[in-house]
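Colleague: Next come a sequence and a model predicted from it.
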Amino acid sequence: MHFLRITQEHPYLAQIRMWYEESFPLAERRTFGQLIQLLDCPDMNLCAILEQEQLVGFIIYWQWDTLLYVEHFAIDPQQRGLQFGQKAMQLLVTLDPAWLVLEVELPTDDISRRRIQFYERQGFSRNPFAYHQPPYRADGTGIPMELLSIPAIHDQERFSTFSKQIRENVYERFYPTASGYKPIG
């Protein structure tokens, strides 16, 4: 298995778009057009997940000095149960960030509980601090979620620092403007 970073138009984007839009409600993602505009951002990585050169999923992550933040991750629904998600997470860990962080929905139903259990089996820890996914639009509202990490975050100050870094560099930095959706900075 390997990740193929996509930085420009690519044939895989049509399938990734379908999974992206089916897997994540609009409040929890950008429009796909907005995502495409971010492909050349050096800290954003939109990667096709390939198993024996077959597209089996995608991952979007942001990488900074000590923090790697997973924004979106999905495996082809037809390929689930074949351990591709587990392999992808193992591959992500080999990037060796000091901190690996991702958001998950609160455990309110069987699907969200199973998702959290999946990440816990991959070595992620639930952190005991309140978290809201920032909105993808300037006029939106945050969504209560949990921030999972490798390793666990034990102090509020570090948790707040990471939350602020994610909010500023993934969300607020790219709010649409009246003249269009342009990355700032």
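Modeller: That came through fine.

Colleague: ok, so what distance separates the residue nearest to the spatial centre of the chain from residue 59?
Modeller: Centroid check for the chain by Cα atoms, centre = their mean gives residue 71 as the closest residue, at 1.6 Å. Residue 71 is 9 Å from residue 59, where distance means Cβ to Cβ, to the nearest Å. C-beta: built from backbone N, CA, C; applies to glycine.

Colleague: Next: residue 65.
Modeller: For residue 65, the distance to residue 59 equals 20 Å [Cβ to Cβ].

Colleague: So, low pLDDT: which residues of the protein?
Modeller: Residues of the chain meeting the criterion pLDDT under 70: 176-185.

Colleague: Residue 65 and residue 59: which has the busier surroundings?
Modeller: Comparing residue 65 with residue 59 by neighbour count (other Cβ atoms under 10 Å), the higher total belongs to residue 59, at 23 against 7.

Colleague: On the three-state scheme, the more buried one is what?
Modeller: Using DSSP: H, G, I helix; E, B strand; the rest coil, the structure places residue 59 in strand.

Colleague: Could I get the contacting residues of it?
Modeller: Contact partners of residue 59, counting by Cβ atoms under 8 Å, 6 or more residues apart in numbering, are 3, 45-47, 49, 70, 72-73, 88, 92.

Colleague: mind running it again at 10 Å?
Modeller: Taking Cβ atoms under 10 Å, 6 or more residues apart in numbering, we find residue 59 in contact with 3, 16, 45-49, 70-75, 85, 88-89, 91-92, 102.

Colleague: What segments of the chain are helices?
Modeller: 13-23, 32-37, 84-93, 110-121, 156-166 (DSSP state H).
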